[in-house]
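*Asks:* would you be able to build a 3D model of this:
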Amino acid sequence: MQTHPKVPTVAETFPGFVTGSWQGILAPSRTPPDIVQKVNAEVVRILKLPDVISFLDSQGTTPVGDSPKELARSLADERARWAKVIKESGFKLEQ
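*Replies:* Now for the predicted structure:
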């Protein structure tokens, strides 16, 4: 959603720049799969409610509501992307 169409995006000003935010619901690794599926199904159902979509849209947010497998893939992609940024920056953690 573009709120200021006449203002260039960061990606237009700095080619290759990508950022954003997302939210996800995580559970402990030993949570039974049937519980994970039940919670996921309920969250996906709620994210499809017209009033929820309307509210999130008013906040500039687009609900997705994917599967646990998709969230795991997104987390892996984010981890790889930011690991590359950190490595290329030369950043070193000082303790």
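
*Asks:* name the helices or strands packed onto the helix of greatest length in the chain?
*Replies:* Ranked by number of residues, the top helix in the chain under DSSP state H is helix 68-89. For helix 68-89, the packing partners by 3 or more Cβ pairs under 8 Å, 6 or more residues apart in numbering; DSSP states H and E come out as helix 33-47. In this view, the C-beta of every residue, glycine as well, is placed from N, C-alpha and C.

*Asks:* CA atoms of the helix it packs on as CSV?
*Replies:* Extracted as CSV, the C-alpha positions of helix 33-47 are listed here (Å, rounded to 0.1, in the frame of the first residue of the first chain):
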residue,chain,number,x,y,z
PRO,A,33,1.5,-30.6,15.6
ASP,A,34,-2.3,-30.8,16.1
ILE,A,35,-2.2,-27.8,18.4
VAL,A,36,0.0,-25.8,16.0
GLN,A,37,-2.5,-26.6,13.2
LYS,A,38,-5.5,-25.7,15.3
VAL,A,39,-4.0,-22.3,16.4
ASN,A,40,-2.9,-21.6,12.8
ALA,A,41,-6.4,-22.4,11.4
GLU,A,42,-8.0,-20.0,13.9
VAL,A,43,-5.5,-17.2,13.2
VAL,A,44,-6.0,-17.6,9.5
ARG,A,45,-9.8,-17.5,10.0
ILE,A,46,-9.6,-14.4,12.1
LEU,A,47,-7.3,-12.6,9.5
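
*Asks:* buried stuff in the longest helix of the chain?
*Replies:* 68, 71 (16 or more other Cβ atoms under 10 Å).

*Asks:* distance of A80 from V52?
*Replies:* Using Cβ to Cβ, to the nearest Å, A80 is found at 31 Å from V52.

*Asks:* how about the spatially most central residue of the chain, what does it touch?
*Replies:* Centroid check for the chain by Cα atoms, centre = their mean gives W22 as the closest residue, at 2.8 Å. Residues in contact with W22, defined by Cβ atoms under 8 Å, 6 or more residues apart in numbering, are S74.
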